[in-house]
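# Got a predicted model here, sequence first, then my questions.
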Amino acid sequence: MSPERVGIGSHLRDVLELLGEDPAREGLARTPERWEKAMGFLTSGSQTRVEDLVNGALFAVKFDEMVLVKDIEFFSMCEHHLLPFFGKMHIAYLPTDRVIGLSKIPRIVNMFARRLQVQERLTQEVAEGVAGAVDPRGVAVMCEASHFCMMMRGVEKQHSSTVTSAMLGEFRDNKATRDEFLALVKRR
């Protein structure tokens, strides 16, 4: 059930009071409702399925070389601190007998990013989501992200980033294919 439907905004009033704030003051009076709506959107990926996003946008094409979509921006929420992390993903796949509509790949990223996440799981879920949608010979995902839990608290390192990858099928088994992916990601 989406957070928006369970009335979590009313609980934020208590949290604001526990933080020493006055939830009735002008700047905070409508914050619980705005926060509830924002959290409903930011976690809406939990109510979505890859099949619904793809919606039949698979096309028979005689093409067996790499398809790469680079620099897909995403925003997600760290499940450990409920703080944002954001970055970009690079996703490649090796089609067999069909390709997926290109706009569907960023939609798959958004779906998994709009859940309470850790970057490692997000990377793997995107790879498996693309693989399940198009049934390719392989999928590669590289995710580069900055985490507010590292930037605003704890070690307070504003310029650090984290890189994760997931390699499935031929990208895992074939070094030349993996190297081609990595070289293409570096190319600007």
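Everything's here; your move.

# Show me which residues of the helix or strand bottoming out on mean pLDDT in the chain are buried.
Every helix and strand of the chain was ranked by mean pLDDT, DSSP states H and E. The lowest is helix 148-151, at a mean of 91. Residues of helix 148-151 classed as buried: 148, 150-151 (neighbour count, 16 or more other Cβ atoms under 10 Å). Bear in mind the C-beta positions are built from the backbone N, C-alpha and C, glycine included.

# Other residues contacting it?
78, 80-81, 83-85, 156-158, 160 (Cβ atoms under 8 Å, 6 or more residues apart in numbering).

# that older thread, make a markdown table out of the buried residues of helix 148-151 and add distance to Met167.
Compiled in a markdown table, the buried residues of helix 148-151 are given as follows (distance: Cβ to Cβ, whole Å):
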| residue | distance to Met167 |
| --- | --- |
| Phe148 | 28 |
| Met150 | 25 |
| Met151 | 28 |
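
# can you tell me which of these lies nearest to Phe171?
Met150 (28.3 Å; Cβ to Cβ).

# For the helix ranked longest in the chain, name the packing helices and strands.
Counting by DSSP state H, the longest helix found in the chain is helix 119-134. Judged by 3 or more Cβ pairs under 8 Å, 6 or more residues apart in numbering; DSSP states H and E, helix 119-134 is in contact with helix 50-54, strand 67-78, strand 84-94, strand 98-100, helix 104-113, strand 138-147, strand 162-169.

# at 10 Å what do you get?
Packing partners of helix 119-134 (3 or more Cβ pairs under 10 Å, 6 or more residues apart in numbering; DSSP states H and E): helix 50-54, strand 58-60, strand 67-78, strand 84-94, strand 98-100, helix 104-113, strand 138-147, strand 162-169.

# Enumerate the positions of that helix that are buried.
Buried residues in helix 119-134 (16+ other Cβ under 10 Å): 119, 122-131, 133-134.
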